[in-house]
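In: Starting from these lines, generate the structure:
(2 chains)
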There are 2 protein chains.
Amino acid sequence: MTEPLFEIEIDKPAKGARDAGDAIYRQLKAAILDGRLPVGFQLPPSRRSGSVFGVSRNTMVAVYERLWHEGDVVLRRGSGAYVAEPPPRTPPPPESPEPSPPYARLNTFWLRHEVKSALGFWRLAGDDAPAAARGEIDLRPAVVDQGLFPNEAFRRAMAQQLRRLERAPARLRSPEGGQGSHFLRAAIARQIAVTRAIACRPEEVIVTAGAQQAFDLLARTLVGAQETVVAVEDPGYPPMRVAFAAAGARLVSAPVDADGLIVEALPADTNVICLCPSHQFPLGAALSPERREALIAFARRHGAVIVEDDYDGEFRYDDGPLAALRAQDAERVFHVGTFSKCMLPGLRLGFVVVPLWARAALVTAKNCLDWHASTPVQAGVAAFIEEGQLTRHVRRMRSIYGRRRALLLARLRDEFGDALAPIPSTYGMHITAELSPGADAEAIASALARDNVNIHSLARYAFERPASPGLVFGYGVADEAALDRALNLLRKVLNG
Amino acid sequence: MTEPLFEIEIDKPAKGARDAGDAIYRQLKAAILDGRLPVGFQLPPSRRSGSVFGVSRNTMVAVYERLWHEGDVVLRRGSGAYVAEPPPRTPPPPESPEPSPPYARLNTFWLRHEVKSALGFWRLAGDDAPAAARGEIDLRPAVVDQGLFPNEAFRRAMAQQLRRLERAPARLRSPEGGQGSHFLRAAIARQIAVTRAIACRPEEVIVTAGAQQAFDLLARTLVGAQETVVAVEDPGYPPMRVAFAAAGARLVSAPVDADGLIVEALPADTNVICLCPSHQFPLGAALSPERREALIAFARRHGAVIVEDDYDGEFRYDDGPLAALRAQDAERVFHVGTFSKCMLPGLRLGFVVVPLWARAALVTAKNCLDWHASTPVQAGVAAFIEEGQLTRHVRRMRSIYGRRRALLLARLRDEFGDALAPIPSTYGMHITAELSPGADAEAIASALARDNVNIHSLARYAFERPASPGLVFGYGVADEAALDRALNLLRKVLNG
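Out: Residues are numbered from 1 along each chain as shown, chains lettered A, B, ... in the order given. Down below sits the predicted model:
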């Protein structure tokens, strides 16, 4: 066979060009339509023509298949592709202007600047900068160091559980499946009884893909057809606000002071109150016992429900755990927990403890979202908990975080006393410190970013109220040496 | 120390009672408030009192902590819990009737019968029956047999990838993270180039928690503030319909015949068209080339977009893959793929190939849903693909499914020719066969369920149009022996 493909003009696409296949396709199509490649002509094997055109065989196969699909080529088994008889052409559809381009179909909520910015929350300061300028000291709150995780124990638990699942695969997408595996829900119930004083049955636990999916799930089930007013702490965690806004809630800003959320400031028509009672995010205060009582009373009086975000409740530094808010009212409090802080965020595993009256609706919604959390991950985490590995890891991290925290507090007090006032807290993986009124926290954070220190200013957390100037010192990733260096750099920046 | 707890009346809760801790708490609380347990009285250690009351130590700890939280007990380090001085009581809040009970806050969408029933789609016929009556032969479509999965290869890939992730943890929740790991997206792009003739870059792929999350994600980004009309195949896949309905779409029923979706029947104001062009679910027909052209032309003319559900496109039984619809129009087609059929549904991993104009909005929405898919699962599946395991597994399953399919078609033709007419198809893991007009498919399915055969009647898939009587024969789980048995039982039912 001669190689008549090369007798007609086919431009070789640029090496690695994205649309190489398309370019070849268009030329072949044109050659078939205008008769340069006649009916019955056999196209060369895809491997050969691909190598001539400098594209992969797969690309050529796709080109031929496209021509085949469009009726320009016929395939004969075992012999290859041939130019086909032209099909009887149907008249083209009447030309009419397109009423709207397809992108007009996008829900513009997701294009809003404030939504993108809120969901860019975890972005490192250097993410937009060239790689060389990327932060080397990470002071973001609520991030963890994989290097301190008992990776081998988790890997063993996963392998063991994968083997178990092979022998007894879970029933496919059973109604219970949506709620999460019973094995994991039982492990969670036992764990939070100890760490968070929550008495609940596995039936009250719904497993989610991290806390963010719990917020989305709650938003989609608690925000209804009528207007739903959702109070959020201000400052607070932006991605949680987006989940409720996306579901159509009317958000109202709830102010926060040293005793946590100011209950008296809640509008009487509030339907859902979202807060972090153990360790306000980002200020760090715990909701005082009086406020707790007042909050529960408010919810009872107004028929409201409470979403308790317990993102780092495992890490407390004084006398054992303070009970979660959920322990006070199992009828009105949805308690959201996560394995992102006490284990690893990449697992995407969390849970919500729900009042029983809401369970059916939440499980139905969870089914609609993604059926259920990934089975191997659920099993691996359950085994990790049941083997006592989680308790051991949390105990170890509490001591590591405790040392970092002590160093941070001591240096802030001794050297930065006139510039920075840490907000008292007893939980967590970060300390927030307020700057003197009028200080420019954003400028300080930017200056530190230039020094390869990633630190959040309080302004990142503001919703409707201007945030007081302050800095958030996370010690989940930064060790004592890194904290020391960061504080040295901060001193230089403050001195100016 | 005497044991004065036992001098006052404390009822021992029933063994294993759900609210045992609560019962003990209420009695202790009452005893403290009325002075039977005096100020300064030391409560016995939780282990001892727990064993006396027949509850776990954790339950007792939770009881003590609740009392502590409420100010009834003080904890002294290293010495235990003591009855506290009564706090100055604040006046109770004024009694006012609760305007609405908390459950009035539920979005009633999730309580609708048709929603629950659509999401109960994968439920086995026997799930509502006693365990003994549960189906032993599973003819549901699109379910797979874990026993045929190369479990060991996958376990090895997971372990290897967990080790890799330990050394080089992914950047935490970077903006790209929401789209899925580049490693997996590149593997998917290479895979679907071969199997589905889709030429796309990793940048066009978004990883999701299975196809269901892809539907939810698309619904939430394509359904906007104005009315959005979404055409769905009727009969079709109910859980996909729910995802769009939940986002507020107006669903319209699109009829289907032996050439797939009837494009001429689409209302002109249709904004989104959802369909399975390779293997209509559940009828099995492929969208004809003429209909494909007409569909693309319709979308161009009306500014509509297309959601292509390619749930089992890997399993084709004639001359190699037919191109996916996406290969014809990368600007208007969202191509949804899943690893639930070609690997395992419990992984909860799928993807959507998107037009680039929609990518930013979809990634932002995906961040809001759950940030990103579980990192270890993404890495394990990517390695499984890159090692060639997926191709090998699909090839093997294609031959296994091919034999099952051949047996099923032969017996249906030879023995059921007058009662059941299989709908021609070239793809997939199921065959749908129509019964004679007037036959009662639901009664036949119920009779088979009593014989431990789980089979779907076509009515399960109907949306607004009554389904013609028919049965769906899935062979993902049922092997040849099971198919033989099921057909023998079916013959008895039909003769019966």
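
In: C-alpha only now, for contacts and for neighbours.
Out: OK.

In: burial count for A:Asp479?
Out: 19 (other CA atoms under 10 Å in any protein chain shown).

In: Give the closest residue to it in space, chain neighbours not counted.
Out: A:Arg404 (6.6 Å; CA to CA, 6 or more residues apart in numbering or on different chains).

In: So what's the gap between stretch A:350-364 and the chain middle?
Out: Stretch A:350-364 sits 20 Å away from the centroid of its parent chain (CA atoms, centre = their mean, to the nearest Å).

In: tell me the pLDDT at A:Asp72?
Out: Looking at A:Asp72, its pLDDT is 80.

In: which ones are touching it?
Out: A:Lys29, A:Ile32, A:Val83, A:Ala84, A:Glu85, A:Pro86 (CA atoms under 8 Å, 6 or more residues apart in numbering or on different chains).

In: Could I get the CA-only coordinates of the least confident helix or strand in chain A by mean pLDDT as CSV?
Out: Here the helix or strand of chain A ranked lowest by mean pLDDT, DSSP states H and E is strand A:73-76, holding a mean of 76. The C-alpha coordinates for strand A:73-76 follow below in CSV (Å, rounded to 0.1, in the frame of the first residue of the first chain):
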residue,chain,number,x,y,z
VAL,A,73,-15.7,6.2,7.9
VAL,A,74,-16.8,2.6,8.2
LEU,A,75,-15.0,0.0,10.3
ARG,A,76,-14.6,-3.5,8.9
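
In: and the spatially most central residue of chain A, what is it in contact with?
Out: Geometric centre of chain A, nearest residue: A:Gln212, 6.0 Å, by CA atoms, centre = their mean. Each residue near A:Gln212 by CA under 8 Å, 6+ apart is listed here: A:Pro239, A:Met240, A:Ala243, B:Cys368, B:Leu369, B:Asp370, B:Trp371.

In: now A:Arg48
Out: A:Arg57.

In: Show me which residues of the helix or strand encompassing it are buried.
Out: Take DSSP states H and E as the rule and A:Arg48 turns out to sit in helix A:46-53. For helix A:46-53, burial by neighbour count (16 or more other CA atoms under 10 Å in any protein chain shown) applies to A:Ser46, A:Ser49, A:Gly50, A:Phe53.

In: among those residues, which two are most distant?
Out: A:Ser46 and A:Phe53 (10.3 Å; CA to CA).

In: what's the least confident helix or strand of chain A in contact with?
Out: Against strand A:73-76 from outside (CA under 8 Å, 6+ apart): A:Tyr64, A:Leu67, A:Trp68, A:Ala81, A:Tyr82, A:Val83, A:Ala84.

In: and what of stretch A:246-263?
Out: So stretch A:246-263 is contacted by A:109, A:216, A:219-220, A:223, A:227-235, A:241, A:244-245, A:265-266, A:275, A:277, A:280, A:285-288, A:291, A:294-295, A:298, A:423, A:463-465 (CA under 8 Å, 6+ apart).

In: ditto for stretch A:160-167
Out: So stretch A:160-167 is contacted by A:Pro376, A:Ala379, A:Gly380, A:Ala383, B:Gln146, B:Gly147, B:Asn151, B:Arg155 (CA under 8 Å, 6+ apart).

In: which of those sit farthest apart?
Out: It's A:Ala383 and B:Gly147 that sit farthest apart of the contacts of stretch A:160-167, by CA to CA, at 22.6 Å.

In: When the two are compared, which one has more neighbours?
Out: A:Ala383 (23 against 12).

In: State the helix or strand in which the more buried one lies.
Out: helix A:375-386.

In: what's the angle from that helix to helix B:375-386?
Out: 140 degrees (axes from the mean of the first three to the mean of the last three CA atoms, to 10 degrees).
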